[in-house]
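Enquirer: Quick check, what structure comes out for this input:
(2 chains)
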Amino acid sequence: MSTNVSLIVTASALIGCGVYLILERSLTRVLAGLLIMGNGVNILFLIAGGRAGKAPIEGTADAADMSDPLPQALVLTAIVIALATTAFLLAMAHRSWQLNGNDDVQDDVEDASIRRLAAADEASDSHDLATGGDDDEVLTEEGA
Amino acid sequence: MIILVAVHFIAAVMAPWLVGALRSRAFLVLAAIPLVSFGWALSHVAGVQDHQAPVEVVRWVPSLGVDLAFRMGALQWLMMLIVTGVGALVLVYCAWYFADDDPALPAFTGTFIAFAGSMLGLVLCDDLLVLYVFWELTTVFSYLLIGSDPARRASRQAAMQALIVTTMGGLAMLVGVLLLGREAGTLRISELLADPPSGPATTVAVLLLLVGAVSKSALVPFHFWLPAAMAAPTPVSAYLHAASMVKAGVYLVALLAPAFAGTPGWHEVVLVLGIVTTLLGGWRALRQYDVKLLLAYGTVSQLGFLLVIFSVGTRAAALAGLAMLLAHALFKATLFLVVGIVDHQAGTRDLRVLSGVGRKSPVLLGAALVAGASMAGLPPLLGFVGKESVLASLLDVARADDRPDLSPAAGWLVLVGVIIGSVLTVAYTVRFLWGTFADKPDVPATGFAPAPPGFLLAPVVLTVFTVVLGFAGSGLTDVLEPYANQFPPGAHHAELALWHGLELPLAFSALAVILGVVIFVLRMEFGRVQAALSPRWTADDAYRLVMRTIDRLAVETTGLTQRGSVAAYLAIILVVVLLLPGTAVLTALDGPIDVVLWDSPAQAVIGLVVILAALFAARSRRRLRAVILVGVTGYGTAMLFILHGAPDLALTQILVETTSLVIFVLVLRRLPAYFTDRPLSPRRYLRMALGAGVGIAVGLIMLVTTGSRTATPVSAPYPKEAVEFGGGHNIVNVILVDIRAWDTLGEISVLVAAATGVASLLFLDTRMSGIRRVYDIPYPSSVQKVPTGPGRRVWLPGPRTLPPDRRSIIFEVVARLLFPMLIVFAIYLLLAGHNNPGGGFAAGIVTGLALMVRYLAGGRYELDEAAPIDAGVLMGTGLFIAAASGLAPLAFGGAVLQSAKIDLAVPLLGDLHLVTSTGFDIGVYLVVVGLVLDLLRALGSRIDRQILREERAAEQGVGL
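Expert: Numbers count the residues shown, from 1 in each chain, chains lettered A, B, ... in the order given. Model (predicted):
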């Protein structure tokens, strides 16, 4: 099967730009990167489906001349999901702006607290809860 | 048997209601269930004795060879009697032990019955995997029972400790079960024992099973969980930790011994650990002040003793083991119940405080004395019969070579260990009886409320059994022989009896009693020796150290790997992409690759535009510019779709891109125009390099993989199938609503979830968006009301609610004209989509765009005018219709999501060709419309309102 170079180059460039953007801190840029990357990946699906052809509508063309319909169905759902993702990330960006005045992705607070525990050579909170502390009964004492 | 087990579980589910109605008297009703099981077992004694074990099999997972197989041989029969008999008595006892107003009572009762059912299943089942399931069920229920008072730290800790230790052993056992099943080719226990496999794998499997048994029965080095589990209520200790659960390990060893006692390592492991446990338990029991803990360590000691005797593998030892098993269940349960009564009536279990209890409750003292005597091995009780037989059988191993694979020296060592264990047992028994009941001259008499007769019933009945069964040696021998006869007969034909003549075992027994009493008399001196010898480290400390080490390791690993930065995680993933598949593809590049530059030159031109747009989007510092450039890449992609021959994709892409742009703008009006200004860091170049690297790697992978495709696409027969089964000509649409309809159903569920997420991020506290119609709303002060008479209509009602400077007449007129056209177009797309480009997704977004136009022209009230319905209702209805139309074929004998074709001759319109999957597509349509509507309400109307509120607040601030 021969491969379409212009589509591959386009998809690669889109994915490259997308990767650059999703490594950013601003949620809007991350979202832009995600969308650009998504477009690139959708083109990859086209490439995987083989060469271009007639619209896959039975009766309008010979089956041999049609483009492959299966990747198209997969891409179609991906496009609609991308709309939902966009909306959700925008809502997150908006909420983040409401709370912090910017839409930057913050480092995880819990992870930071675990790093502090690791630095102080301490056990986790759940361990202390499960095994630490004194018994509330002192009948277990041993002796002659 | 299956019914008996099932009834337990049903009762467990109903127990909380029963407790609600009857309070603690519910225990008396529930006791009937184990009692009936007990009666059932008794009625089958003849069958068990004549080697006609009752068998029941229900197919469960035939593909794995796992069946709900149950079989009651002599061993199972004895265990069942213990489990159900003691269970019934302990339940009766509970009725007096617990207060009516105990809030934990409903949960406790249910768990207790469920445990009893699991235990019954464990001893009766004849399938190794099913046995494992019951085994772990007892672990889980015992966790809940030990921790039945979650407010106490000791109770939580003990429950967790027991769970961790026994589950760990259980997992080892599971591996053993699977390995053994593989070696033997069957999981049925009776078949496995009849034809046991051998070889290294079997040895490993059996040793793994022993790990499970040893941890469950609290042998060294796992013994520490049992004393800690004494934090449980006393009925739990009496039932789980004396009579039933801890015996599961003993049962497993007894079950496997006939076939596997000769396995390499078997005797070494069980005999050594068993003897060490016997001695350690006895030794530490002598150092306890808490009489319940004293009994717990005694139990540890006795469990070691039981495992030793069952693991030997001679007929005499097996018979002795069964007698000892029964004797221990009877006397230890009695003693725990006695301690529970003392604790309940006197309020303490500390033997330094208790004094004069025996005089105040002679019945209790009597029961304890008999049970204690049985424990110490005094005639004429069952404990004496058992211990005599044990000593005799071990003597035969040492002297008469009953077990050829055990050397006489080993036999003597075990015998000596058991005798020393018996000495300690006598000593701690006397210490227990003295500590609990004696009058101590220097201690004031303990207050002791008289116990009601019902409370005393259970220990007294158990005591009666201890006495009566002591005289029933020959009857017991007859019933239990079918188990014992699986072993080689040995030098003497062993029988259970009170009197064996003046032989060595009797001398050993007498020696043990005398030495034990001496230790008690010299308890101060012995205690000093013990204190001097006691190690500074206990197994419990080791357990804590291990747990802490694991936790510390987890904290360190998490701290090292989880840096908390999303970008860092992404970078790691992408670097791996670059390193593994990226380098792998380089090695594959040397083959011939068949390429074409383009299918049509237009692809290259559009590709160039798209690439440039993407590059500028990556460079942009302005939000809006970045978003518009992203849109350009999207529209460009749509063009590529058209050129490739994918009209459905192009249509959807263009519609989605347009919707996205509007949504972006709706949110971006609130965000700063520029991205956060941040000094350019050198990391930027790393990101660039990573982006370029991943882009190139993906391109190369695509080049190689596409070129190396050999199989025919799965979609090759789709064109024919689409028409034949799907009843549509648009293959992409048929794939979505028929061939891969499950995917689509999942996808629209994702849409609903995302829309709900957006709404909850904006509305925060309520899902309902509060729809208000225009006629409900007062005119703004700046608007002059124009009287509307007949024949006078407005283009749109909503804009009247806007201040005049925000209105655009042209926009309103266009919106008025555009809206009906878009709706008609959407309906066309929806209905035509099965045969032409279109479908539910495209139609839904077109409808959404129509709503969007109304909103943009007339504000949020216009949106409510256009769609006076809650978006959540719309999406829910859509999801329901899609699911219902998918399930509908079931009603007509079809498969889920199967399509049927209906042709109708409609007057005027002509023939209408309907496919049932259109119903599914309508569901998809409604979900998508609901999604867009939700986005407009959340990101449009809601943010409008926030802006308005802020403006008003600012005005008031100025006014002040």
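Enquirer: which stretches of chain A form helices?
Expert: A:5-22, A:27-48, A:69-100, A:109-119, A:125-131 (DSSP state H).
Enquirer: For the ones you listed, which has the smallest mean pLDDT value?
Expert: Lowest mean pLDDT of the helices of chain A: helix A:125-131, a mean of 67.
Enquirer: Show me what secondary structure element comes after the helix or strand B:Leu322 falls within.
Expert: Element membership of B:Leu322 [criterion: DSSP states H and E] is helix B:315-346. Helices and strands here follow DSSP H and E; after helix B:315-346, the next one along the chain is helix B:357-360.
Enquirer: So for chain A, the centremost residue is which one?
Expert: Residue closest to the average C-alpha location in chain A (CA atoms, centre = their mean): A:Leu34, at 8.1 Å.
Enquirer: Which of the three states applies to the residue lying closest to B:Arg807 once chain neighbours are set aside?
Expert: Excluding the flanking residues, the one nearest B:Arg807 by CB to CB, 6 or more residues apart in numbering or on different chains is B:Pro799, at 5.0 Å. In this view, the C-beta of every residue, glycine as well, is placed from N, C-alpha and C. With DSSP: H, G, I helix; E, B strand; the rest coil as the basis, B:Pro799 sits in helix.
Enquirer: what's around B:Pro799, how many residues?
Expert: 23 (other CB atoms under 10 Å in any protein chain shown).
Enquirer: Can I get the helices of chain A in CSV including distance to B:Pro444?
Expert: Putting the helices of chain A into CSV (distance: least, CB to CB, whole Å) gives the following:
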stretch, distance to B:Pro444
helix A:5-22, 78
helix A:27-48, 74
helix A:69-100, 66
helix A:109-119, 51
helix A:125-131, 38
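Enquirer: Same list (those helices) but as a markdown table, adding distance to chain B.
Expert: A markdown table is the format used below for the helices of chain A (distance: least, CB to the nearest CB, whole Å):
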| stretch | distance to chain B |
| --- | --- |
| helix A:5-22 | 3 |
| helix A:27-48 | 4 |
| helix A:69-100 | 4 |
| helix A:109-119 | 3 |
| helix A:125-131 | 4 |
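Enquirer: Can you tell me which of those helices is nearest to B:Trp17?
Expert: Closest approach to B:Trp17 among the helices of chain A (CB to CB): helix A:125-131, 32.8 Å.
Enquirer: still on that earlier bit, can you tell if the helix holding B:Leu322 touches chain A?
Expert: No - applying CB under 8 Å from any CB of the partner chain, one finds helix B:315-346 separated from chain A by no less than 10.5 Å.
Enquirer: What are the buried residues along that helix?
Expert: Of the residues in helix B:315-346, B:315-346 count as buried by neighbour count, 16 or more other CB atoms under 10 Å in any protein chain shown.
Enquirer: now do stretch B:474-485
Expert: For stretch B:474-485, the buried set under the neighbour-count rule, 16+ other CB under 10 Å, comprises B:Leu476, B:Thr477, B:Val479, B:Leu480, B:Glu481, B:Pro482, B:Tyr483, B:Ala484.
Enquirer: and that stretch, C-alpha only, in CSV?
Expert: This file holds the C-alpha atoms of stretch B:474-485, laid out as CSV (Å, rounded to 0.1, in the frame of the first residue of the first chain):
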residue,chain,number,x,y,z
SER,B,474,-15.7,-46.2,71.1
GLY,B,475,-18.7,-44.5,69.5
LEU,B,476,-16.4,-41.7,68.4
THR,B,477,-13.9,-44.1,67.0
ASP,B,478,-16.5,-45.8,64.9
VAL,B,479,-17.8,-42.5,63.4
LEU,B,480,-14.4,-41.0,62.8
GLU,B,481,-12.6,-44.1,61.5
PRO,B,482,-13.4,-43.4,57.8
TYR,B,483,-11.1,-40.4,58.0
ALA,B,484,-8.3,-42.1,60.0
ASN,B,485,-8.4,-45.3,57.9
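Enquirer: How far off centre is it?
Expert: 42 Å (CA atoms, centre = their mean, to the nearest Å).
Enquirer: What's the mean pLDDT across that stretch?
Expert: On average, stretch B:474-485 scores 91.
Enquirer: next one: stretch B:274-290
Expert: Here stretch B:274-290 scores 94 as its mean pLDDT.
Enquirer: hmm, that stretch in reach of chain A?
Expert: Yes - contact between stretch B:274-290 and chain A, assessed by CB under 8 Å from any CB, occurs at B:Arg284, B:Arg287, B:Gln288, B:Tyr289, B:Asp290.
Enquirer: follow-up on the earlier one: right, and the residue nearest to B:Arg807 touches B:Arg860 too?
Expert: No - between B:Pro799 and B:Arg860 there is no contact under CB atoms under 8 Å: 11.2 Å.
Enquirer: which phi and psi does A:Ala123 have?
Expert: With angles defined as degrees, to the nearest 10, A:Ala123 shows backbone torsions of phi -90, psi 170.
Enquirer: Skipping adjacent residues, who's closest to it in space?
Expert: Distances taken as CB to CB, 6+ apart place B:Asp551 nearest to A:Ala123, at 4.5 Å, with adjacent residues excluded.
Enquirer: Could I get the contacting residues of that neighbour?
Expert: Contact analysis of B:Asp551 by CB atoms under 8 Å, 6 or more residues apart in numbering or on different chains lists A:Ala123, A:Ser124, A:Ser126, A:His127.
Enquirer: Give me the secondary structure label for it.
Expert: helix.
Enquirer: Give me the helix or strand of chain B that scores worst on average pLDDT.
Expert: strand B:910-915 (a mean of 62; mean pLDDT, DSSP states H and E).
Enquirer: tell me the pLDDT at the closest residue to chain A within the stretch 401-550 of chain B?
Expert: Closest contact between the stretch 401-550 of chain B and chain A, by CB to the nearest CB, is at B:Gly527 (2.3 Å). Looking at B:Gly527, its pLDDT is 89.
Enquirer: and it, how many neighbours?
Expert: B:Gly527 has 16 neighbours, counted by other CB under 10 Å.
Enquirer: Could you pull out the strands in chain B for me?
Expert: B:55-61, B:66-71, B:595-596, B:901-906, B:910-915 (DSSP state E).
Enquirer: B:Ala261 versus the residue lying closest to B:Leu64 once chain neighbours are set aside, what's the distance?
Expert: Closest residue to B:Leu64 apart from its sequence neighbours, by CB to CB, 6+ apart: B:Leu129 at 7.6 Å. Distance, B:Leu129 to B:Ala261, by CB to CB, to the nearest Å: 23 Å.
Enquirer: got the buried residues for stretch B:492-505?
Expert: Of all the residues in stretch B:492-505, those buried under the rule 16+ other CB under 10 Å are B:Ala494, B:Leu496, B:His500, B:Pro505.
Enquirer: sorry, back to before: widest-spaced pair of the contacts of B:Asp551?
Expert: Going by CB to CB, the pair spanning the contacts of B:Asp551 furthest: A:Ala123 and A:Ser126, at 8.7 Å.
Enquirer: Could you pull up phi and psi at the nearest residue to B:Ala888 once chain neighbours are set aside?
Expert: Counting by CB to CB, 6+ apart, the nearest residue to B:Ala888 once its immediate chain neighbours are dropped is B:Thr916, at 7.0 Å. Note on B:Thr916: its backbone torsions stand at phi -60, psi -30 [degrees, to the nearest 10].
Enquirer: close enough to count as contact, B:Thr916 and B:Phe892?
Expert: No - when contacts are counted by CB under 8 Å, B:Thr916 is not listed as touching B:Phe892 (9.6 Å).
Enquirer: Of those two, give the one with the bigger neighbour count.
Expert: The residue with more neighbours, out of B:Thr916 and B:Phe892, is B:Thr916; 21 against 9, by other CB under 10 Å.
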